[in-house]
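> My questions are about this predicted structure, shown below with the sequence.
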Amino acid sequence: MPICRDVIKSQHLQFVSKLRGSDDADKARLLLSGVQGIEAVETRRKGRLRIRYDVRELTLQMIEAALRDVGFQLKDNLLSRFKRSLIAYCEDTQRASLGVEQDAEQAILSLPDTLAHDPRPHNWRNYL
C-alpha cells in the first residue's frame, strides 16, 4: 500500500536523550495523548514513540514543530531529515488533494497550557 494513500498515518518519533534516566518519549506521550487528531500514542522503547494521527487534521511536521517548541529534541541525522522531507511532501500533497487548508499557521497544534511553555531559557533546558 503506497505511503501517500492512507488518511491515518503511523510514524515513529525518536528523541535525543538529554539526561540519563529521563525518558522524553514518555513525557511526549502524556502530552500528545489528548490532542485532537491523534488517535494513538505509545512508547516503543526508551527514546522512541509510535504515533497514529489523522492527516486531515495534523501533519507530522506540525506535531514535531509543537514538540520542539515545548523543548523536546528529536533525532536529526541525515536519514531522519530525508524521511521527514518525504513524509512532509506526501502529507502536503494528500492534504491539497483532499481540499484541506495548507496554511500550517492556521492549524497550529494546541498543547495543554500547563505544558506548552517551558519557562527555562532554551540553553538551560538540557541541564535542568
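In hand now; what should we look at? Residues are numbered from 1 along each chain as shown.
> From now on I want contacts and neighbour counts done on CA atoms only, so please keep to that.
Will do.
> Could you pull up the mean pLDDT of stretch 58-65?
Across stretch 58-65, the average pLDDT comes to 92.
> cool, stretch 44-51 as well?
If you average the pLDDT over stretch 44-51, you get 85.
> Any buried residues in it, and which?
Within stretch 44-51, the residues that qualify as buried are Gly47, Arg48, Leu49, Arg50, Ile51, counting by 16 or more other CA atoms under 10 Å.
> Does anything pack onto the longest helix along the chain? Which helices or strands?
Longest helix in the chain, counting residues (DSSP state H): helix 78-98. If contacts are counted by 3 or more CA pairs under 8 Å, 6 or more residues apart in numbering; DSSP states H and E, helix 78-98 sits against helix 60-70.
> buried residues in the helix it packs on?
Within helix 60-70, the residues that count as buried by 16+ other CA under 10 Å are Leu60, Gln61, Met62, Ile63, Glu64, Ala65, Ala66, Leu67, Val70.
> CA atoms only: put it into CSV for me.
C-alpha atoms of helix 60-70 as CSV (Å, rounded to 0.1, in the frame of the first residue of the first chain):
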residue,chain,number,x,y,z
LEU,A,60,4.0,15.0,11.2
GLN,A,61,5.6,18.4,10.6
MET,A,62,3.0,20.1,12.8
ILE,A,63,3.5,17.5,15.6
GLU,A,64,7.3,17.8,15.5
ALA,A,65,7.2,21.6,15.5
ALA,A,66,4.9,21.6,18.5
LEU,A,67,7.2,19.2,20.4
ARG,A,68,10.3,21.3,19.5
ASP,A,69,8.5,24.5,20.7
VAL,A,70,7.9,22.9,24.1
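> now the helices for the protein?
24-32, 60-70, 78-98, 113-116.
> quick one, the second one and helix 78-98 angle?
By that I understand helix 60-70. 120 degrees (axes from the mean of the first three to the mean of the last three CA atoms, to 10 degrees).
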